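Chemist: pasting the sequence and the predicted model now:
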Amino acid sequence: MTGRFAFPPRRGLAVCAALFAASMLPAPDALAGAWTLPEGDGQAILGLVVNNADRTFDGSGTVIGGGGLDRIEVTGFVEYGLRDDLTLIGQTTLTSRETAPPFASDYQGLDYTELGLRQRLAQGERWVISGQGSVRLPGATDSRDPAQAGITDVETDLRLLLGRSGKAAGLPAFAELQTGYRVRFDDPPNEIRVDASFGVRPHDDWLLLGQSFTTLSDGSARGVFPDSDYVKLQASVVYDVTEAWSVQVGAFATVWGRNALVERAALAAVWRRF
């Protein structure tokens with residue numbers, strides 16, 4: 001375990017709550033694109049993320065010491081076309097997370113399980129607009145445990161998704177923008193979410209992905225949870241092994257934040273289309 005919290009003991013739980021509220025994994029959100037799947041088609045993705053943070057952004061956005069966290073997560077994501085314009089989505093995550101002394105704690109078990117629908121609202125030859133709604137059910141139950149703080153409450157997530165395909169430097173490419181609002185039913189503040197993705201295929205079998213994930217707290221802080229904001233950038237490569245199987249490797253990092261972890265993570269995933 002690396003890093004230590006550099007905060008007075010009387011602020012211990014508040015600090016842990018703020019840090020973990022700002023450290024949710026971005027990757028699964030990005031895998032749910034704006035396009036709906038054809039009726040009867042599906043896709044499953046199994047991902048692994050190894051994450052470490054030993055610094056934090058304070059309330060003014062300055063990087064300071066503290067915020068020790070080691071985290072390993074395995075996430076399963078599935079989407080299935082109920083109709084050509086309506087896709088069912090589901091996700092669940094197994095997590096192992098450990099915090100540093102003096103608030104040492106660890107948790108192994110379920111993180112959030114998410115179920116939802118994506119509805120195509122409008123479509124042109126090269127663009128699509130969709131709406132998406134989901135409910136997120138927590139696997140952790142002890143909000144007093146620093147390793148579980150911020151992941152014990154039911155949440156709902158509503159999104160508007162815009163996608164466009166075309167060319168970039170003569171290569172097949174796409175761009176996508178998601179704007180969303182996440183309602184959190186206990187002490188953590190609600191969140192405004194803005195996610196953007198850009199992908200280009202330099203070859204039929206290769207996809208290069210660049211993504212950004214922005215989260216902004218909305219409303220006053222409640223309980224021990226202060227407002228927190230952060231921006232994460234992610235880069236990855238997807239290789240199509242066959243028409244049905246693909247593999248993905250990449251990394252992401254928190255590049256700016258306020259009351260948030262400075263995260264550095266590596267990720268890998270296997271995609272299966274059916």
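Modeler: Cool, got the structure.
Chemist: which residue ranges form the strands in the stretch 151-274 of the chain?
Modeler: Secondary structure of the stretch 151-274 of the chain (DSSP state E, counting those that start in this stretch): strands at 155-168, 171-184, 190-203, 206-218, 229-240, 245-258, 260-261, 264-273.
Chemist: which neighbouring elements make contact with the last one?
Modeler: In this structure, strand 264-273 makes packing contacts with strand 42-57, strand 229-240, strand 245-258, judged by 3 or more C-beta pairs under 8 Å, 6 or more residues apart in numbering; DSSP states H and E. The way it works is simple: take the backbone N, C-alpha and C, and place the C-beta from them, glycine included.
Chemist: let's see it at 7 Å
Modeler: Judged by 3 or more C-beta pairs under 7 Å, 6 or more residues apart in numbering; DSSP states H and E, the packing partners of strand 264-273 are strand 42-57, strand 245-258.
Chemist: repeat for the fourth one
Modeler: Contacts defined by 3+ C-beta pairs under 7 Å, 6+ apart place strand 206-218 against strand 190-203, strand 229-240.
Chemist: okay if I get these as CSV plus distance to residue 63?
Modeler: Shown next, in CSV, are the helices and strands packed on strand 206-218 (distance: least, C-beta to C-beta, whole Å):
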stretch, distance to residue 63
strand 190-203, 22
strand 229-240, 12
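Chemist: before we move on, the earlier item: just send the strands of the stretch 151-274 of the chain back as TSV, with mean pLDDT, mean neighbour count and distance to residue 94 too.
Modeler: Output for the strands of the stretch 151-274 of the chain, formatted as TSV (pLDDT from 0 to 100; neighbours: other C-beta atoms under 10 Å; distance: least, C-beta to C-beta, whole Å):
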stretch	mean pLDDT	mean neighbour count	distance to residue 94
strand 155-168	96	17	18
strand 171-184	96	18	21
strand 190-203	96	17	23
strand 206-218	96	18	21
strand 229-240	97	18	21
strand 245-258	97	17	18
strand 260-261	91	26	20
strand 264-273	97	17	14
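Chemist: nearest to residue 40, of those strands?
Modeler: Between residue 40 and the strands of the stretch 151-274 of the chain, the tightest spacing by C-beta to C-beta is seen for strand 264-273, at 12.1 Å.
Chemist: follow-up on the earlier one: out of the helices and strands packed on strand 264-273, the one nearest residue 180 is which?
Modeler: strand 245-258 (18.2 Å).
Chemist: quick one: strands adjacent to the closest one?
Modeler: strand 229-240 (antiparallel), strand 264-273 (antiparallel) (DSSP bridges).
Chemist: so which of the ones you listed is nearest residue 72?
Modeler: Using C-beta to C-beta as the measure, strand 264-273 is the one of these that comes nearest residue 72, at 9.9 Å.
Chemist: if we can go back for a sec, relative to residue 185, which of the strands paired with strand 245-258 is closest?
Modeler: Comparing the strands paired with strand 245-258 under C-beta to C-beta, the one sitting nearest is strand 229-240, at 20.5 Å.
Chemist: can you list contacts of that closest one?
Modeler: Contacts with strand 229-240, where a contact means C-beta atoms under 7 Å, 6 or more residues apart in numbering, come from 22, 26, 205-217, 246-258, 260, 267.
Chemist: mind doing that once more with 8 Å?
Modeler: 22, 26-27, 30, 57, 204-217, 246-261, 263, 267, 271 (C-beta atoms under 8 Å, 6 or more residues apart in numbering).
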